[in-house]
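**Q** What would the 3D arrangement of this be:
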Amino acid sequence: MTGAASGIGEGIAKKYADLGAKVIVGDLRLEAAQRTVSQLARHDEHMAISMDVTSEQQVEDGVAQIVSKYGKLDVLVCNAGVQHISSIVDLEFENWRKIISVHLDAPFLCTRSALRQMYKQSSGGKIIYIGSVHSKTASPLKAPYVSAKHGVLGLCRTVAKEGAKHNVSANVICPGFVLTPLVEKQIPEQAKEFGITEEEVVQKIMLKDTVNGQFATVEDVANTAAYVAGFESNALTGQSFIVSNGWFME
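**A** Residues are numbered from 1 along each chain as shown. Predicted structure coming up:
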C-alpha cells in the first residue's frame, strides 16, 4: 500500500490489519511508515518500506522485498498523493509534472510490478486505486490533479481487461473531500486564490454539492477498500466506487 503513513492510506492499513491481512506500509517517509506499522493490530506481522513511487527502481525493489518476505502479493493499493493549487495560466510545468508523476506515473509503475508477480500466482490478485471524485469531474485550480485522476480511471479499466485471464481485478475508489492533511492544506490555499475565507472554502466549494454538508471520512474509504479487496470473485472489476456524500452521482 503506497502513501500509507498518514491519511486515507493509514486508515486502510489499519482496517486491513484489523481484518487479519498482512500489511506492507509503503511511504516516502520510512520513520512515519514504521510508526504506522507499530500501531497496527499484530504489528509484528507487517512491514514498513521506504519507497519513492515515482522511481522505477525503488518500486521494483519494494515489490521484490515484499515477495521475498511473504512469498506473494495479493492486493495492491495505490494511494500516494500530493496536490498543487494554481490556475492553468500560472501553473509551472515543474508542478504539472510533479502531480502527474505521483498520481499517474506511480500507479503505472506499481501496477506493472505488481502484475508481474500476480500473473505468476495461481490466486491472481486485486489492484485498488485511490482515485477521486476528480476522476469523474473537474474543479478549477487543479488541472494536473484532475487530469491524472481521470487517467487513473483509464488505467484501471485497461488493467481490468488485461488482468482478467490471470484472475486479477482492478477497481477505483473515488472519495470526495476527506479531511486529511492533504485536504487541510488546500483550504488556506484556495481561500487565498479565490479571495474568500477558509470557512467559505469548506462550505461553498468543498461541501456545497454534498447531500449532507459533510466531509467523507477516512473510515468511509477504508470500509470501501475492505469490501473491494474482500470481494470473492472478479465479477467486480473495472468499476469505480464514489464515496462523496452524494457530491457526484452516476
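
**Q** Just name the shakiest helix or strand of this structure by mean pLDDT.
**A** Sorting the helices and strands of the chain by mean pLDDT, DSSP states H and E puts helix 181-194 at the bottom, at a mean of 91.

**Q** Dump the C-alpha coordinates for the lengthiest strand in the chain into PDB.
**A** As assigned by DSSP state E, the longest strand anywhere in the chain is strand 168-175. Below are the C-alpha coordinates for strand 168-175, written out as PDB (Å, rounded to 0.1, in the frame of the first residue of the first chain):
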ATOM      1  CA  VAL A 168      -6.600 -10.100 -11.500                       C
ATOM      2  CA  SER A 169      -9.200  -7.500 -10.900                       C
ATOM      3  CA  ALA A 170      -8.800  -3.700 -10.800                       C
ATOM      4  CA  ASN A 171     -11.100  -1.000  -9.300                       C
ATOM      5  CA  VAL A 172     -11.000   2.600  -8.300                       C
ATOM      6  CA  ILE A 173     -12.300   4.200  -5.200                       C
ATOM      7  CA  CYS A 174     -13.300   7.800  -5.800                       C
ATOM      8  CA  PRO A 175     -13.500   9.800  -2.500                       C
END
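
**Q** what angle sits between the top helix by length along the chain and strand 168-175?
**A** Across the chain, the longest stretch assigned as helix under DSSP state H is helix 143-163. Orientation note: helix 143-163 sits at an angle of 150 degrees relative to strand 168-175 (axes from the mean of the first three to the mean of the last three CA atoms, to 10 degrees).

**Q** in the helix or strand just after the least confident helix or strand of the chain, what's buried?
**A** Of the helices and strands lying after helix 181-194 in sequence (DSSP states H and E), the nearest is helix 198-200. Under the neighbour-count criterion of 16 or more other CB atoms under 10 Å, helix 198-200 has residue 200 buried. From N, CA and C alone the C-beta is placed, and that goes for glycine too.

**Q** mind checking how far the helix or strand following helix 198-200 is from the chain centre?
**A** Note on helix 198-200: by DSSP H and E, the next helix or strand toward the C-terminus is helix 218-230. Distance of helix 218-230 from the chain centroid (CA atoms, centre = their mean, to the nearest Å) equals 12 Å.

**Q** who touches the residue minimising distance to the centre of the chain in this structure?
**A** In the chain, the C-alpha nearest the mean C-alpha coordinate belongs to residue 79, at 2.2 Å (CA atoms, centre = their mean). Residue 79 sits next to 1-4, 8-9, 12, 130 when contact means CB atoms under 8 Å, 6 or more residues apart in numbering.

**Q** Filter those down to the buried ones, PyMOL style.
**A** Selecting the buried subset of the contacts of residue 79 in PyMOL, with 16+ other CB under 10 Å as the burial test, is done by:
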select buried, resi 1+2+3+4+8+9+12+130
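
**Q** Strands - which of the contacts of residue 79 land there?
**A** Per DSSP E, the subset of those in strands is residue 130.

**Q** Reformat the contacts of residue 79 as a markdown table; add distance to residue 58.
**A** Converted to a markdown table, the contacts of residue 79 look like this (distance: CB to CB, whole Å):
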| residue | distance to residue 58 |
| --- | --- |
| 1 | 15 |
| 2 | 11 |
| 3 | 14 |
| 4 | 15 |
| 8 | 21 |
| 9 | 17 |
| 12 | 21 |
| 130 | 19 |
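
**Q** Adding pLDDT, write the contacts of residue 79 out as JSON lines.
**A** Converted to JSON lines, the contacts of residue 79 look like this (pLDDT from 0 to 100):
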{"residue": "1", "pLDDT": "95"}
{"residue": "2", "pLDDT": "97"}
{"residue": "3", "pLDDT": "96"}
{"residue": "4", "pLDDT": "95"}
{"residue": "8", "pLDDT": "97"}
{"residue": "9", "pLDDT": "97"}
{"residue": "12", "pLDDT": "98"}
{"residue": "130", "pLDDT": "98"}
